[in-house]
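A.B. asks: Sequence first, then the predicted structure, then my questions.
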Protein chains: 4
Amino acid sequence: MTHSRTVELEGHIIDSGTMQRCFGAVMDLGGSFDVEQFDVGKHETEESYCRLTVSADDPETLRDILHELHQNGAVLEDPSEVDLVAAPADKVVPPNFYSTTNHPTEVLYDGEWIDVERIEMDCALVVDPEGASDGSPRAYTKTLNAVQEGDLVATDQSGIRVNPPERPRSGGGAFGFMQGGVSAERPSESTIREVAEELRAVKEDGGNVMVVAGPAVIHSGAGDALADLVAAGYVDALSAGNGFATHDLERSIYGTSLGMNVETLEHPRKGHKHHIWTISEIIRAGGIEAAVDEGIVTEGVMYECVENDVDTVLAGSIRDDGPLPDTITDAVEAQDAIREQAHDADLVIMLATLLHSVAVGNCLPSTTKTVCVDINPATVTQLLDRGSAQAIGMVTDIGTFVPTLAEFVLEGDEA
Amino acid sequence: MTHSRTVELEGHIIDSGTMQRCFGAVMDLGGSFDVEQFDVGKHETEESYCRLTVSADDPETLRDILHELHQNGAVLEDPSEVDLVAAPADKVVPPNFYSTTNHPTEVLYDGEWIDVERIEMDCALVVDPEGASDGSPRAYTKTLNAVQEGDLVATDQSGIRVNPPERPRSGGGAFGFMQGGVSAERPSESTIREVAEELRAVKEDGGNVMVVAGPAVIHSGAGDALADLVAAGYVDALSAGNGFATHDLERSIYGTSLGMNVETLEHPRKGHKHHIWTISEIIRAGGIEAAVDEGIVTEGVMYECVENDVDTVLAGSIRDDGPLPDTITDAVEAQDAIREQAHDADLVIMLATLLHSVAVGNCLPSTTKTVCVDINPATVTQLLDRGSAQAIGMVTDIGTFVPTLAEFVLEGDEA
Amino acid sequence: MTHSRTVELEGHIIDSGTMQRCFGAVMDLGGSFDVEQFDVGKHETEESYCRLTVSADDPETLRDILHELHQNGAVLEDPSEVDLVAAPADKVVPPNFYSTTNHPTEVLYDGEWIDVERIEMDCALVVDPEGASDGSPRAYTKTLNAVQEGDLVATDQSGIRVNPPERPRSGGGAFGFMQGGVSAERPSESTIREVAEELRAVKEDGGNVMVVAGPAVIHSGAGDALADLVAAGYVDALSAGNGFATHDLERSIYGTSLGMNVETLEHPRKGHKHHIWTISEIIRAGGIEAAVDEGIVTEGVMYECVENDVDTVLAGSIRDDGPLPDTITDAVEAQDAIREQAHDADLVIMLATLLHSVAVGNCLPSTTKTVCVDINPATVTQLLDRGSAQAIGMVTDIGTFVPTLAEFVLEGDEA
Amino acid sequence: MTHSRTVELEGHIIDSGTMQRCFGAVMDLGGSFDVEQFDVGKHETEESYCRLTVSADDPETLRDILHELHQNGAVLEDPSEVDLVAAPADKVVPPNFYSTTNHPTEVLYDGEWIDVERIEMDCALVVDPEGASDGSPRAYTKTLNAVQEGDLVATDQSGIRVNPPERPRSGGGAFGFMQGGVSAERPSESTIREVAEELRAVKEDGGNVMVVAGPAVIHSGAGDALADLVAAGYVDALSAGNGFATHDLERSIYGTSLGMNVETLEHPRKGHKHHIWTISEIIRAGGIEAAVDEGIVTEGVMYECVENDVDTVLAGSIRDDGPLPDTITDAVEAQDAIREQAHDADLVIMLATLLHSVAVGNCLPSTTKTVCVDINPATVTQLLDRGSAQAIGMVTDIGTFVPTLAEFVLEGDEA
């Protein structure tokens, strides 16, 4: 027996690849389709519309197909309201709960399509019937461990509309549209110049810039340049780990990073002592801010973050030495802190850290601009694959990238 | 002033991504479009048709847009005949000559669309007005250095129709359609089993299997397994280099590869002697076949290739020691030999060699099935990016891949 | 003015590279040396002895040189007792505290050289004067955050003797001595056979085997093979993360890993739902063991670990979804759990995880045998660089490595 | 029965690692040793001396051990003269011919130790009894395919002395001594500054600088910076391939590299046409120099090489399009041209090309300074492993490396 449903798609669904993905999904999953209506946008500025009946031999296949179409923005022809079920206990979601994408999403509740707040993927979708200040309903995402008993959690996907990013009508500049891969063959300096222009533009628009940085930023000698960007006000939030902070603080206290003087390249031998001594100095002082106040730390990225009130999150890891007193050792607590930073960001620059970049990327809506820089192509590919609509990936050396970026950004200040 | 032309597209142009690429190209290149007619295929088995007028502010932009649409299969509404110009000298093509894609192509000559033979990218397209045995016209590709004075070479792109691969209607199995990237996260053994099934299927259909192999096949201990596949008749052509052959011959003569016994892992020290001695032994014998005949070489891949009359091409490189007398040291001559192999192949398996794989890939039409295996993801990505319509990429260890493949292929023989 | 001290070195100090490193260190750091006595071992079984006076122009340089020689096993000619200072507060070590290496170490306390317990690098060294059950002194390492007020912490390096590993007199088999790099060119199957033999040998000697596993083990289809090794009793401890466990549990509950059926390769689309649903199922059950008891989880690595009472530690990370109730989210607590596993292990097998492998490697003495397998050469190099005296590094595909290893190990059981 | 021989070693054999390697080799290969005499250098400036009797159970093992010790500089106690055998035919060496290392080497002929000229590894060693202008004997290396009938070729290793590089007494600066691996964690800008200083120093001493460059230099936008270095006289020889030259010429003729404008990043679509058109333009002109003369090519690396009479070798490969008329398509002929460049070079800078760098490295004596830069750590490691005594390896982005290098080098000119 054949099972069928009719769905609608609209928007720039041809050149954004939506139609291709939807037709492909139906065929891949073993279904078939009938195009009921297809109104193509005559010009590049006109939207298209498609009404499509999909069929499958069994209800499970149909459900899988509809799920896939749903993720690509299809809506059932006559959508019903969102189906809410109360969470039976803290952290426990109802069976068949709706797991969010990272795209802008709406729910049909009480006859109205309302926007879902705090978009983030792999979350539960909770509706609070009187959550707004005026008593009107609100919808927002909640991570599984934030779900509380009684939360009204969306199940299935009825009454939920996803809006995947569309291809911008005019050129997105260096930010590619949904580019799945990374070309290592783009000219490096021109691309860095584009990132610099974007960074300046975001700040000029009053936007929020988040930097996610790995320890290689310091090893590679790029710490001073990043500190300069912080001092000049180009960084609103820093998300890093215990290792990054320790290497940076070691530079300020001992002039070395893992024991090497990053300018003279001398004495690459006594690394561990400086590293672990740095941690013990900061513990003794009571934390990084205290160490800055006491004059123990007098320069570097962490110093500038303290001096410039940058929102800094240091997340712990099982690889950490110490850790520093400022490091948030609980992963869930650290994730929540990162989530706050990520939700506020307009531009996220990920520098040579897979671990932290994935953690941040997990919290980002697909609409946030991201720049991802790493010397390992696999890291860049993995991060861009997360589906950001506007992303620049660069396979380059962080030790020359950050100084060049800082030069391009800061020379603009002088002009 | 606006410059416009009208083009037509037909086929599975939505789910093959053709429409998306064409609309995107117009916008990227700064033009605009009007859709004159769009007939969408109602079912997955029906083709679609689109007639499109593209416009640009200047003739250069229009030409660039039309070039891009052309490459994606668009044809001018009222196509004129192919525009042929005689080559002024050997190796010298007319200005503005047409450079081929790797997709099936036709030319409109004397009122007929005729298929272009020997499809290969970056070549000239030559029409021989009476080239066929019955005196009818033929069209074929020629590399630049094969062009002869007086050849009638196509210029511009008028009268030329490209047919990019379309998404297969039913699942292509492991062979992905135009997959741009490589997932390192596919389960290895299941994927190898699919390759084994494909290899058996091609041979059962009387097809031609070409193996492109790098020296790592031997170092990694996979030589015996490849020799087994050759001995069992699963390899019709081998394309490799001087290094591959030398390592394989060293194993037969000295039991080592670069001096290491690949079974006992012993004595990894005396490598260079064995390597260069192997070459001098083969030179003394007069070549590989002579060395097999004299009983100097008694096992291994090269031995089985001689015994089983496998079409073998050893191409030289500036990195080679020796080289062996069998190695073709001239790059153009070697390319021509590889080209013959590539044009005959129905399935090409590329094992751990970027250099030779790119050389082979350059000669392949986009319709040939390819399997590319390397431990370096960048190598696999680079090879898949060449636009094969049916390709499997695997990031895995050649030292376990080939033995597992041979086991899966040959166990089928026993059943 | 010249500052000098005389040190002694003994053992297989030539072929273990100790003399080379010591002479090199003096020259690199700008000092000079006089060899007072050098008795070379006449045969490969005899130890050598060297007494050396090192000099430098200033006391800081001399101290740096002596530190370097100390790390390589040199002892001052007339060693003084260990210099102990009480920790002023919890987690706060005295200035100039001694930071441990990962080599076997002794302290001279009360006229006796006593062995330091729980060897681990970058720790404080604490002496408990009456810590042994018979009231005699004990010495052991403590991480910074485990130091308690009043602990007697070693400072400087006087009275401390380090014993770096020496080159084994007879061949160490596949386990290379202090091999700094990794040859990707070793034959894969032969090397896996050696690892299998080592694994069997350790278990036959009643040893403890620790497996450190990343999520790629499951994605790559190697989960069943690892589960077989656990079921057959070859794994005593498993150290992994929330992601590994979730992927493995997803396979048991839904038959997929990130949504892909790892056998049929079908339906690679619905990943996220299964992944997050798996977590919510386990939360609902109350944990992995409860889910096994309830029959929700019926196979896989985690299932076998529960059934076979394998000591399992799941450490959290800021990248985690969920997390599972079994995951230790606090990094310090998780580190302590990993430390217990690491100190008990006789053989550690690290499978495709940089994060967890580094965490485990940080806790290991240089004498523990380790096997490190990853498809990324940089990961393998980084782990081997930690100075394990007996390590095998393999750059290979985990998806073929684990099944091949299991086959080699388990076929021995049948013989 | 025990077989024994006595050998001597002298020089800085402890801190250069010679003793460690020799003792290790004896043990690895299953022999034993007696140290007859060991005079250690008392100061860092004094050489050491060791006389050693090595024994093995069979003559083959003893021969293998002696071979290994020989390669590390050991000489038999009473060396006999070099054992010369006439080559029986062109390209055919006598059985058991001596295959050279890349270290400085001497032969004992007619009672005198004479230096071997044109040091290069994996060659035959030929003595010409009256080869010098004064009729005295000469010794030099010959590749196998250069050997001529009647050449007196050294066999076995008697009468041959190898002098492996010794650790420099004072710091070698950025050039590490026999560093087997590459630290990706060195600070990038400081290291580039050291390379710049070395480049300037070599030119100030009247030395010869050879640049080996891959196509990524042009793609990455670094072509202008390299052209600047050529124009300023810092490059004496350029060794590259057809691809490098074509990309560079395309930039001059069309302003693009593979179709992308490397400054504006625009129009990344029409690549193939420009690439193949460039080749056809150069063919039409008759070569690169003719194209420069005709004003077709007016800037770029190739332009500056023509204008500044830089010794340029373009070697062909089976991957080449075209090729250009200047490209040497025969691998043996190209190798010979590269060999001439390599033997003249005092400093070799290898930029983002594994293929050409290996080819050049194969021809270099171990005493030539080399700098190797690539974004792929495996490439850098592979090149440094060839045993250059003075090498800098950098894992960095060529697109930022070359401009930064040029800036540091050329700013020195202004001072």
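C.D. replies: Perfect, thanks for sending it. Because the structure is predicted, anything quoted here is derived from the model rather than measured.
A.B. asks: use CA for all of it now, contacts and neighbours both
C.D. replies: OK.
A.B. asks: Now the element after the worst-scoring helix or strand of chain A on mean pLDDT, going C-ward?
C.D. replies: Lowest mean confidence among the helices and strands of chain A (mean pLDDT, DSSP states H and E): strand A:176-177, at a mean of 62. Downstream of strand A:176-177, the next assigned helix or strand under DSSP states H and E is helix A:188-204.
A.B. asks: For that next one, which residues meet the burial criterion?
C.D. replies: Buried residues in helix A:188-204, counted by 16 or more other Cα atoms under 10 Å in any protein chain shown: A:188-196, A:198-200, A:202-203.
A.B. asks: and it, how far out from the chain's middle?
C.D. replies: Mean C-alpha position of helix A:188-204 versus that of the full chain (Cα atoms, centre = their mean, to the nearest Å) differs by 19 Å.
A.B. asks: So which other helices or strands are in contact with the helix or strand following that helix?
C.D. replies: Heading C-terminal from helix A:188-204, the first helix or strand you meet, by DSSP H and E, is strand A:209-213. Helices and strands touching strand A:209-213, by 3 or more Cα pairs under 8 Å, 6 or more residues apart in numbering or on different chains; DSSP states H and E, are helix A:188-204, strand A:237-241, strand A:347-351, helix A:354-363.
A.B. asks: Apply 10 Å and report the result again.
C.D. replies: Applying 3 or more Cα pairs under 10 Å, 6 or more residues apart in numbering or on different chains; DSSP states H and E, we find strand A:209-213 packed against helix A:188-204, helix A:223-231, strand A:237-241, strand A:311-315, helix A:331-344, strand A:347-351, helix A:354-363, strand A:369-374.
A.B. asks: as a whole number, average confidence for the first one?
C.D. replies: Yep, that's helix A:188-204 we're talking about. In this model, helix A:188-204 has an average pLDDT of 93.
A.B. asks: One more: the fifth one?
C.D. replies: The average pLDDT within helix A:331-344 is 97.
A.B. asks: separation between the closest residue to residue A:329 other than its chain neighbours and chain D?
C.D. replies: Nearest non-adjacent residue to residue A:329, counting by Cα to Cα, 6 or more residues apart in numbering or on different chains: residue A:316, 4.4 Å away. Distance of residue A:316 to chain D, given as Cα to the nearest Cα, to the nearest Å: 22 Å.
A.B. asks: ok, now residue A:109?
C.D. replies: 46 Å.
A.B. asks: With residue A:198 instead?
C.D. replies: Here the criterion is Cα to the nearest Cα. By it, residue A:198 lies 15 Å from chain D.
A.B. asks: same question, residue A:275
C.D. replies: Distance from residue A:275 to chain D, by Cα to the nearest Cα: 15 Å.
A.B. asks: I figured that residue was touching residue C:122, is that so?
C.D. replies: Yes: assessed by Cα atoms under 10 Å, residue A:275 is found in contact with residue C:122 at 9.0 Å.
A.B. asks: Now for the two: what residues contact both?
C.D. replies: A:321, A:322 (Cα atoms under 10 Å, 6 or more residues apart in numbering or on different chains).
A.B. asks: Can you list the low-confidence ranges for chain A?
C.D. replies: Counting by pLDDT under 70, chain A contains low-confidence ranges at A:169-174, A:176-185, A:258-272, A:387-388, A:415.
A.B. asks: If we use 50, what do you get?
C.D. replies: A:180-181, A:267-268 (pLDDT under 50).
A.B. asks: do stretch A:335-354 and chain C meet?
C.D. replies: Yes: counting by Cα under 10 Å from any Cα of the partner chain, chain C has neighbours in stretch A:335-354: A:335, A:336, A:338, A:354.
A.B. asks: ok so, going back, distance to chain B for the helices and strands packed on strand A:209-213 - can I get that in TSV?
C.D. replies: Formatted as TSV, the helices and strands packed on strand A:209-213 follow (distance: least, Cα to the nearest Cα, whole Å):
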stretch	distance to chain B
helix A:188-204	17
helix A:223-231	29
strand A:237-241	27
strand A:311-315	27
helix A:331-344	25
strand A:347-351	21
helix A:354-363	16
strand A:369-374	14
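A.B. asks: can I get those in a markdown table with distance to residue B:62?
C.D. replies: Listed next are the helices and strands packed on strand A:209-213 as a markdown table, based on distance: least, Cα to Cα, whole Å:
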| stretch | distance to residue B:62 |
| --- | --- |
| helix A:188-204 | 27 |
| helix A:223-231 | 43 |
| strand A:237-241 | 46 |
| strand A:311-315 | 50 |
| helix A:331-344 | 43 |
| strand A:347-351 | 35 |
| helix A:354-363 | 40 |
| strand A:369-374 | 32 |
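A.B. asks: Please name whichever of these is nearest to residue B:5.
C.D. replies: Taking Cα to Cα as the criterion, residue B:5 comes closest to helix A:188-204 out of these, the separation being 34.1 Å.
A.B. asks: Tell me which other helices or strands the closest one touches.
C.D. replies: strand A:209-213, strand A:347-351, strand A:369-374, strand A:390-395, helix A:398-414, helix D:398-414.
A.B. asks: Render the CA-only coordinates of the fifth one in CSV, please.
C.D. replies: When you say that, I think you mean helix A:398-414. Output of helix A:398-414 as CSV, limited to C-alpha atoms (Å, rounded to 0.1, in the frame of the first residue of the first chain):
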residue,chain,number,x,y,z
ILE,A,398,48.4,30.4,12.8
GLY,A,399,51.9,31.8,13.5
THR,A,400,51.7,34.0,10.4
PHE,A,401,47.9,34.3,10.1
VAL,A,402,47.3,36.2,13.3
PRO,A,403,50.2,38.8,12.9
THR,A,404,49.1,39.4,9.3
LEU,A,405,45.5,39.7,10.3
ALA,A,406,46.4,42.1,13.1
GLU,A,407,48.5,44.2,10.7
PHE,A,408,45.7,44.5,8.2
VAL,A,409,43.1,45.3,10.9
LEU,A,410,45.2,47.8,12.8
GLU,A,411,46.6,49.5,9.8
GLY,A,412,43.0,50.4,9.0
ASP,A,413,42.9,52.2,12.4
GLU,A,414,45.8,54.4,11.4
